[in-house]
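Asker: sharing a model that was predicted from the sequence below.
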Amino acid sequence: MKRPSLRHSESALRRLALAYPEATEDFPWGHRAIKVRGKAFLFMSIEKDRFSLSAKIPDSAQDALMFPFAQPTGYGLGKSGWVTATFHTGDAVPLELLGAWIDESYHAIAPKKLSAPLLGLTNGHRKGRTLEAPARAKSARKPAPKARTSKS
């Protein structure tokens, strides 16, 4: 079975990314950027024999970095959960996996008003959970010592 070309893979992932609400395409630095409300959630670059994709996947970045084609994105973005996948002619491009990365990246970047309905959320809630960051746990404090009463 013949593997899809790098161009075919890039085209399929581009279509997927642009299907998200308010997703737009831009070309800063000569690379394709897919943005939502002006914020990039995906970068793609294709050359003659190389295709790369970068996405912000804060929840699964550590697992993603175990793949031989993945590495933290440069320019310090890797510290924020950005991962870059690079493929060369003849490599198998895992479209389903990269599609999941694009989905996670969109939800990490998009405003909750756009992202929540796609997750089946109403008013930011699903199954008793909220999209808001969890409240910080109060530090455990020892109760104040009871005042001693003097017996006379």
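Answerer: The structure has been received and is ready for your questions. Residues are numbered from 1 along each chain as shown.

Asker: dump the residue contacts of residue 66.
Answerer: Counting by C-beta atoms under 8 Å, 6 or more residues apart in numbering, residue 66 makes contact with nothing. Quick note: C-beta positions are derived from backbone N, CA and C, even for glycine.

Asker: for it, what are phi and psi?
Answerer: Per-residue torsions, residue 66: phi -80, psi -20 (degrees, to the nearest 10).

Asker: kindly provide the distance from it to residue 85.
Answerer: Distance of residue 66 to residue 85, given as C-beta to C-beta, to the nearest Å: 12 Å.

Asker: residue 109 too?
Answerer: The value you get for residue 109 to residue 85, if C-beta to C-beta is used, is 18 Å.

Asker: same question, residue 41
Answerer: 15 Å.

Asker: please apply the same query to residue 100.
Answerer: Residue 100 sits 12 Å away from residue 85, taking C-beta to C-beta as the criterion.

Asker: quick one, which of these two is more surrounded?
Answerer: More neighbours surround residue 85 than the other of residue 100 and residue 85, with 23 against 15 (other C-beta atoms under 10 Å).

Asker: quick one, what contacts the more buried one?
Answerer: Applying C-beta under 8 Å, 6+ apart to residue 85 gives the contacts 52, 53, 54, 64, 67, 69, 70, 98, 101.

Asker: any idea how far the fifth one lies from residue 87?
Answerer: Same thing as residue 67. Going from residue 67 to residue 87 by C-beta to C-beta gives 11 Å.

Asker: remind me which residues of the chain are low pLDDT?
Answerer: Residue ranges of the chain with pLDDT under 70: 1-2, 78, 116-117, 119-152.

Asker: and residue 67 and residue 87? which has more neighbours close in?
Answerer: The neighbour comparison of residue 67 against residue 87 (other C-beta under 10 Å) goes to residue 87, with 20 against 12.

Asker: not counting its neighbours along the chain, what's nearest residue 107?
Answerer: Nearest residue to residue 107, sequence neighbours excluded (C-beta to C-beta, 6 or more residues apart in numbering): residue 115, at 4.8 Å.

Asker: what's the burial count for residue 64?
Answerer: Using other C-beta under 10 Å, residue 64 is surrounded by 23 other residues.
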